[in-house]
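> Next one to model:
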Amino acid sequence: MSQEQSYTIEEVAQLLKVSKLTVYDLVKKGDLPVFRVGRQMRVDRADLQGYIQKRKTGSALSMPAAATQMKHHSKIIISGQDLVLDLLAKYMEKRQFIKVLRSHEGSFNGVMALYNGECDIASLHMYDGDTGDYNTPYVKKILVSHPFLLLNVVSRRAGFYVQQGNPLQIESFKDFQSKSFTMINREKGSGARILLDEQLRIHHIAPSSIDGYDKEEMSHLDVASAVANGHADVGIGIEKIAKLVDVDFIPIVSERYDIVLLKTPENKSLINTVKEILTSPYFQSEVTALGNYDVSQMGQVIYETM
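Predicted structure coming up:
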């Protein structure tokens, strides 16, 4: 089976004219088989054609039988981009013998996917400018009708990616008012975008006054690369990525990176497993070895509904 005879999740979403989360949901339910090439999931062309054909002619399974079959698929979807989530997925697979899939959505979209039943664990780092707190104010509003558990994973520094030597001497958000430069932004709903927008609101800076505000990239690495390649003077992201790209990093905030899970009877075992992993000295030492992560609160319950 060659890669030329298969599609990425993004390509399948484009072919079916649906969102990537819908495709991940089909994978989770077992409706669409996947295989991995490194860390990337791919869908065999024949499997995709079989899925389409089945939807054209009607499934051979009766609805009750199909529903029963879905219940027996033990796959978990974790939404978020941080490398620590890949490590968490590896530990979960070893402990529960389940398949863990990764959806690389931004914070807000990940929580909405959890709300809509399209993923099982959502990671988030959403700054609230009114309280100075991370995540809790958002999930309390978004998941208002669902019981949930908010757990800390790590704390990490977020800040500006600037060109080496910081030639424009960009040090704080106040510089967005007094200096002229081009920025590269993150997509709507990402934690970095929320941090920027909240800081602009606090400092009474109009987004329309910033050159490059409407130019978006989909990851911290893409933003850092755009700055390194001279396509922008500044972007916002996490410290760790700056170590991988030829940019300087100007820290501006220590952000809490959490995960949220729904509290349901079906999730009881999943929640226990995640707690055990996050509080494990072995897991914490492995995360610490990655560098640029604070694990002092890892596994702590940040907020829990009754």
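
> CA only for contacts and neighbour counts going forward, please
Fine.

> Tell me where the model's unsure across the chain.
1-4, 39, 56-74 (pLDDT under 70).

> ok, now which ones touch the most centrally placed residue in it?
With distances taken as CA atoms, centre = their mean, the residue of the chain nearest its centroid is residue 80 (1.6 Å). For residue 80, the contacting residues are 102-107, 110, 122-124, by CA atoms under 8 Å, 6 or more residues apart in numbering.

> And residue 256, by the same measure?
Counting by CA under 8 Å, 6+ apart, residue 256 touches 125, 134-135, 152-156.

> what bridges to it?
residue 155 (DSSP bridges).

> With the one 4 residues further on instead?
On DSSP bridges, the residues paired with residue 260 through beta bridges are residue 122, residue 150.

> And it, how close does it get to residue 108?
Separation of residue 260 from residue 108 (CA to CA, to the nearest Å): 12 Å.

> Which one's more surrounded, the two?
residue 260 (27 against 24; other CA atoms under 10 Å).

> wait, the more buried one sits on residue 115?
No: using CA atoms under 8 Å as the test, residue 260 is too far from residue 115 to be in contact (10.4 Å).

> now the residue nearest to the centre of the chain, nearest residue through space, not along the chain?
In space, and not counting its chain neighbours, residue 80 is closest to residue 104: 4.7 Å by CA to CA, 6 or more residues apart in numbering.

> tell me the contacts of residue 305?
147-149.

> related to what we said a few turns ago, what sits in contact with each of residue 260 and residue 108?
Listed as contacting both residue 260 and residue 108 by CA under 8 Å, 6+ apart are residue 124.

> Work out for me the element residue 111 sits within.
Assigned by DSSP states H and E, residue 111 belongs to helix 107-115.

> Next up, the contacts around the closest residue to residue 217 other than its chain neighbours.
Closest residue to residue 217 apart from its sequence neighbours, by CA to CA, 6+ apart: residue 186 at 5.0 Å. When contacts are counted by CA under 8 Å, 6+ apart, residue 186 touches 192-193, 215-220, 223, 236.

> would you turn those into TSV with neighbour count and secondary structure?
Putting the contacts of residue 186 into TSV (neighbours: other CA atoms under 10 Å; DSSP: H, G, I helix; E, B strand; the rest coil) gives the following:
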residue	neighbour count	secondary structure
192	26	helix
193	21	helix
215	13	coil
216	16	strand
217	18	strand
218	15	coil
219	21	coil
220	24	helix
223	24	helix
236	26	strand
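
> doesn't residue 41 make contact with residue 6?
No: using CA under 8 Å, residue 6 makes no contact with residue 41, being 10.0 Å away.

> Relative to residue 181, how far out is residue 210?
Plainly put, residue 210 is 8 Å away from residue 181 if you go by CA to CA.

> And residue 206, by the same measure?
According to CA to CA, residue 206 and residue 181 sit 15 Å apart.

> what about the two, which has more around it?
Neighbours were counted for residue 206 and for residue 181 using other CA under 10 Å; residue 181 has more, 15 against 12.

> Quick one: the strands in this structure, in order.
Taking DSSP state E as the test, the strands found in the chain are 6-8, 35-37, 40-44, 75-79, 99-103, 121-124, 148-162, 183-186, 216-217, 234-238, 248-262, 301-304.

> so of these, which one's packed in deepest?
strand 121-124 (a mean of 29; mean count of other CA atoms under 10 Å).

> Let me see the contact set for the residue lying closest to residue 254 once chain neighbours are set aside.
Take residue 254 and drop its neighbours on the chain: the residue closest to it by CA to CA, 6+ apart is residue 157, 4.4 Å away. Applying CA under 8 Å, 6+ apart, we find residue 157 in contact with 238-239, 251-255, 292.

> now these as TSV including distance to residue 143?
As requested, those are exported to TSV (distance: CA to CA, whole Å):
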residue	distance to residue 143
238	26
239	30
251	31
252	29
253	26
254	25
255	21
292	30
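
> Tell me the one of these nearest residue 36?
residue 238 (27.3 Å; CA to CA).
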